[in-house]
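Undergrad: what follows is a predicted structure for the sequence shown.
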Amino acid sequence: MTHPPKDARGAVRAALARKGGRELWRSLDELAGTPAFEQLLADEFPRQASEPMDAVSRRKFLGLMGASLALGGLSGCIKQPLETIVPYVRPPEQLVPGTPLFFATAATLGGYATGILVESHEGRPTKIEGNPDHPASLGAVDAFTQASILSLYDPDRSQVVTHDAQISTWDALLAELEAALAAAAQDKGARLRLLTGTVTSPTMARQLELFLARFPAARWHQYEPVNRDNSLAGARLAFGEPLSLLPRLDAADVILALDCDFLACGPGHIRATRDFAAKRQPVATGVPGNRLYALESSPSITGAKADHRLPLAPGRIAAFARHLARRLGIAAAGEPPALDEGEARWLDAIATDLTAQGRRGHTAILAGEQLPPAIHALVHAANEALGNFGSTLFAIPAVEHRPENQTESLRQLVTEMMSGTLDTVVVLGGNPVYDAPADLHFAEALSRVKRRFRFGLYEDETSAACQWHGPETHYLESWSDARAFDGTVSLVQPLIAPLYSGRSAHEVLAILGGQAGQSSHDLVKSHWKSQASPPDFEAWWQKALHDGLIRDSAPAQATPKSTLAKLDFPEDPGHGLELLFRADPTIYDGRFANNGWLQELPKPLTKLTWDNAALIAPATARKLGLASEDAVTIELDGRSVRAPVFIVPGHCEGALTLHLGYGRWQGGRSLAGAGFNAYALRSTAAPWNAGGARVGRTGERWELACTQLHQNMKGRDLVRVESPAQGNDHGHHAGGEGHHPSMYPPVPYPGYAWGMAIDLNSCVGCNSCVVACQSENNIPVVGKDQVIRGREMHWIRVDTYHEGPPENPRTYHQPVPCMHCENAPCEVVCPVGATSHSEEGLNDMAYNRCVGTKYCSNNCPYKVRRFNFLQYSDYETPSLKMLANPNVTVRSLGVMEKCTFCVQRINAGRIKAEKEDRRVTDGEIVSACQAACPAQAIVFGDVNDPASRVSRLKAQQRNYSLLEELNAKPRTTYLSTLLNPNPALTKG
């Protein structure tokens with residue numbers, strides 16, 4: 001992305017002073033509105049610039065076209081090569097050609113399970129949906145889980161066993177492993193260590209017990225770079241045991257999020273989003289049913305949905321929490337640092353709101369993982385004082401099989417490896433050479449171990465540091481089980497045989513525990529046969545597989561009672577800049593770094609792709625003389641990294657946010673050269689917030705691929721917002737521009753008339769819809785260079801708008817698919833009729849008719865059409881061919897494409913209804929974006945049916961059309977955002 005000169009940023013404040021009333025902006029440069037920025041727009045968007053003159057004359061063009069047609073006719077005379085079709089000797093009973101099957105299974109992230117349904121075409125998994133019966137998903141799914149199907153077919157996946165970087169065999173690896181285990185048995189495993197990620201699987205837990213029983217002196221360590229060390233330690237401080245807290249936000253009238261991005265992070269964030277959005281629906285007075293306060297250091301989607309948001313440094317958030325605890329009578333809060341005038345005003349307003357009459361048991365205070373354990377303990381005590389346990393918060397025993405301080409466990413392992421006393425280390429999953437804290441020097445310690453075995457999905461940095469590497473199966477290729485955030489056991493069943501002869505974690509543990517030769521299916525099934533005792537186990541087992549979970553398997557709720565003693569609070573760093581380490585919104589901790597879908601997915605607030613950056617507040621950037629895309633050197637405790645700067649509105653001052661997961665050097669082609677390695681600055685003492693950093697200017701520039709101003713509908717008030725302060729004048733705020741009579745007669749749609757309504761009050765901007773659309777519709781990845789040119793191919797985008805001062809603006813999200821206009825501007829300019837209207841009101845594309853004039857894109861006011869400037873779709877890689885949805889055409893060079901309202905799903909639903917001699921019922925056809933949405937913000941259906949949900953939403957006063965003054969009559973409409981501000985914080 002190109003930026004105007006630095007002096008343009010000085011115009012931001014002046015621009016704010018000049019503008020009166022409500023003003024939306026998408027970037028600081030747009031807010032400044034300088035001539036340099038206007039030139040930037042002309043330079044940045046090819047669609048806005050005139051196209052270069054083609055040297056080919058009209059005569060030559062017609063000649064070439066004639067020749068191509070002649071050659072096309074000759075191609076029909078070429079004899080096709082002989083291809084043999086081998087049919088099923090006995091086709092599977094449930095297999096119907098052209099009809100997909102769905103299987104229930106579960107995906108895990110950080111050890112926690114999310115129930116999913118996987119669509120399969122002739123034995124090929126092609127799409128992941130949420131399991132509506134699973135408590136963690138309720139039918140929705142996040143971006144990570146959906147994109148994991150791309151990892152299944154990733155050609156960069158580990159495909160062979162290697163020994164010292166040379167291809168070997170499983171027989172050789174297992175023989176070496178058995179020899180190592182035989183040697184370890186001599187001293188009961190005193191020199192044998194096993195390192196895994198977080199384990200919630202009951203079957204794996206039993207296998208680990210067998211391993212430790214076979215080798216009593218061995219040790220098992222767990223480590224995840226994004227772990228729950230602080231929250232578990234806080235529960236120990238408060239309750240004396242490591243409990244897991246489950247929020248029920250659909251029962252909370254007031255929510256206080258203390259540096260807690262509960263809508264995007266944590267094992268239960270999909271469920272939390274559903275509950276929050278359900279409570280957010282307006283009550284009879286037209287006001288949302290809840291109120292959200294967010295105090296945070298780095299902007300998040302939770303903060304963007306807050307009615308009130310306050311950017312504070314982590315130390316100030318901790319001080320605020322202590323003052324609030326004192327207000328609630330919790331003596332363990334001690335004597336916190338004083339609050340400034342603004343913070344004290346917030347404290348008064350929030351404390352009054354939390355303790356108002358009728359609020360007891362209807363509030364919730366949530367603490368983010370990055371806050372210290374003592375603050376977590378105080379938050380538990382505060383929730384207890386407010387009567388929230390048993391109402392909006394529930395406690396259960398820790399879901400992890402062995403809840404422990406994972407950072408300390410890894411430190412102990414490194415100490416032993418450094419001493420040179422260990423003989424064998426087995427690393428199962430994870431990537432500690434890359435993501436372990438820098439002060440541990442994990443790679444150096446690992447090199448001192450005599451025998452090193454690694455089993456993983458990729459030959460990554462840790463595999464390169466081990467002598468032996470074995471390919472691990474993808475979760476869609478193997479059997480397993482795991483617990484969800486609430487402890488419910490989910491069953492993992494394979495959809496496809498292992499593509500590369502990998503072994504599952506269960507099969508590796510079977511060797512370590514003396515169960516060699518057993519398959520993962522037998523291990524999982526035999527475990528549950530020993531645990532469950534139904535009258536008919538086979539019937540019980542088949543039902544559990546069908547449902548994707550074991551019902552009533554969640555642990556009983558605990559009744560916690562806090563017993564807080566004196567707490568030790570960390571001191572606030574008083575010098576230098578503070579570094580905030582956070583999991584990346586798109587590639588998490590780095591495990592998805594080779595996933596092109598997630599690399600190219602714009603991050604929810606910054607809209608960066610293919611890179612991370614040092615996120616910084618506007619005021620801090622001015623103080624340091626920095627602009628976006630400046631390359632800087634960040635130093636901390638004698639370690640340094642080179643990183644680009646990116647200015648983010650609403651960031652706390654005096655700090656930099658560094659997203660984890662980038663800067664990798666081994667493990668695939670997509671991750672090469674993407675971003676910088678923030679782990680190089682992370683330490684065991686300060687894994688989340690570290691003070692004392694210094695930033696040095698290099699004088700160089702780091703070009704970033706930011707989509708924030710791509711497909712810009714500039715100068716139009718597109719997001720409508722209502723609050724009690726505005727009253728109920730829906731015609732002005734939501735209805736928009738009033739009536740616009742048409743010069744054309746109305747077109748009747750006697751059958752179905754498909755339409756969509758998007759509730760901006762529910763949308764949280766999580767981007768799940770974007771990945772769902774990409775997976776469903778075979779949308780290609782284009783790469784960083786093409787994104788910089790504005791050529792990303794997503795059919796639905798999520799626009800982000802800001803309102804107010806850059807130091808702390810209010811932020812809004814708006815998903816924008818094709819509007820399927822009834823008076824579509826794109827259709828009238830297409831010279832070949834490649835885009836036209838269907839009898840059901842869809843704006844259809846005929847790809848084989850498109851000649852690539854791009855007139856339709858130029859004439860689309862919503863900027864939702866995408867053009868294949870190059871051959872983006874991969875026709876060559878065999879594994880990626882298996883990923884494609886067979887019901888959607890794979891587009892090629894020179895073809896325009898866009899959202900189709902998932903016409904393949906519409907056709908499937910219509911055909912099914914016609915076979916059963918009935919109409920399509922409401923909710924029977926669900927678009928991909930609608931199915932994935934955790935907040936249920938997207939509703940699709942027949943607008944001819946007045947009883948349909950989409951018709952009822954469109955009949956609400958909050959419903960409005962984008963750019964209504966153009967009279968395009970879009971079939972996609974929006975419901976305005978509602979705010980529920982606290983009058984005590986809006987005055988003055």
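TA: Now that the structure is in, tell me what you want to look at. Residues are numbered from 1 along each chain as shown.
Undergrad: pull the longest strand from this structure.
TA: Longest strand in the chain, counting residues (DSSP state E): strand 689-701.
Undergrad: what pairs with the helix or strand just after it, parallel or antiparallel?
TA: Per DSSP states H and E, the first helix or strand lying C-terminal to strand 689-701 is strand 705-706. The pairing partners recorded for strand 705-706 under DSSP bridges are strand 608-609 (antiparallel).
Undergrad: okay, which residue is most central for the protein?
TA: In the chain, the residue lying closest to the centroid (C-alpha atoms, centre = their mean) is Ala143, at 4.1 Å.
Undergrad: what's near enough to touch it?
TA: Contacts for Ala143 were tallied using C-beta atoms under 8 Å, 6 or more residues apart in numbering; they are 586, 598, 601, 766-768, 770-771. From N, CA and C alone the C-beta is placed, and that goes for glycine too.
Undergrad: what ranges of this structure fall below the confidence cut-off?
TA: 1-22, 25, 33-94, 285, 574, 714-716, 725-740, 988 (pLDDT under 70).
Undergrad: now do 80
TA: Applying pLDDT under 80 to the chain flags residues 1-98, 283-286, 572-575, 710-717, 724-745, 987-988.
Undergrad: domain map for it?
TA: 1-44, 162-227+402-481+497-516, 229-397, 577-702, 709-718+751-978 (automatic domain parsing).
Undergrad: need those in TSV (columns: distance to Ser553 and mean neighbour count).
TA: Converted to TSV, the domains of the chain look like this (distance: least, C-beta to C-beta, whole Å; neighbours: other C-beta atoms under 10 Å):
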stretch	distance to Ser553	mean neighbour count
domain 1-44	46	16
domain 162-227+402-481+497-516	9	20
domain 229-397	12	21
domain 577-702	27	21
domain 709-718+751-978	23	20
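Undergrad: and those: which comes nearest Trp540?
TA: Among the domains of the chain, the nearest to Trp540 by C-beta to C-beta is domain 162-227+402-481+497-516 (14.2 Å).
Undergrad: how far does the closest one sit from its chain's centre?
TA: Computed by C-alpha atoms, centre = their mean, to the nearest Å, the chain-centroid distance of domain 162-227+402-481+497-516 equals 28 Å.
Undergrad: ends of it, what's the gap?
TA: In domain 162-227+402-481+497-516, first residue to last residue: 21 Å (C-alpha to C-alpha, to the nearest Å).
Undergrad: out of the contacts of Ala143, which comes closest to Ser120?
TA: For the contacts of Ala143, the closest approach to Ser120 (C-beta to C-beta) belongs to Val771, at 18.9 Å.
Undergrad: which strand or helix spans that closest one?
TA: Using DSSP H and E, Val771 sits in helix 768-776.
Undergrad: rebuild the domains of the chain as TSV, extending it with distance to Leu567.
TA: Converted to TSV, the domains of the chain look like this (distance: least, C-beta to C-beta, whole Å):
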stretch	distance to Leu567
domain 1-44	40
domain 162-227+402-481+497-516	17
domain 229-397	4
domain 577-702	18
domain 709-718+751-978	30
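Undergrad: any idea which of these gets closest to Lys987?
TA: Nearest to Lys987 among the domains of the chain is domain 229-397 (9.8 Å), distances taken as C-beta to C-beta.
Undergrad: distance between the ends of that closest one?
TA: 15 Å.
Undergrad: contact partners of stretch 567-575?
TA: By C-beta under 8 Å, 6+ apart, the residues outside stretch 567-575 that reach it are 237, 313, 315-316, 318-319, 322, 332-334, 336-337, 372, 374-375, 377-378, 690-692.
Undergrad: got the end-to-end distance for it?
TA: In stretch 567-575, first residue to last residue: 24 Å (C-alpha to C-alpha).
Undergrad: same question, stretch 476-488
TA: For stretch 476-488, the end-to-end distance is 20 Å (C-alpha to C-alpha).
Undergrad: ok so, going back, which one of the domains of the chain lies closest to Glu129?
TA: domain 709-718+751-978 (5.4 Å).
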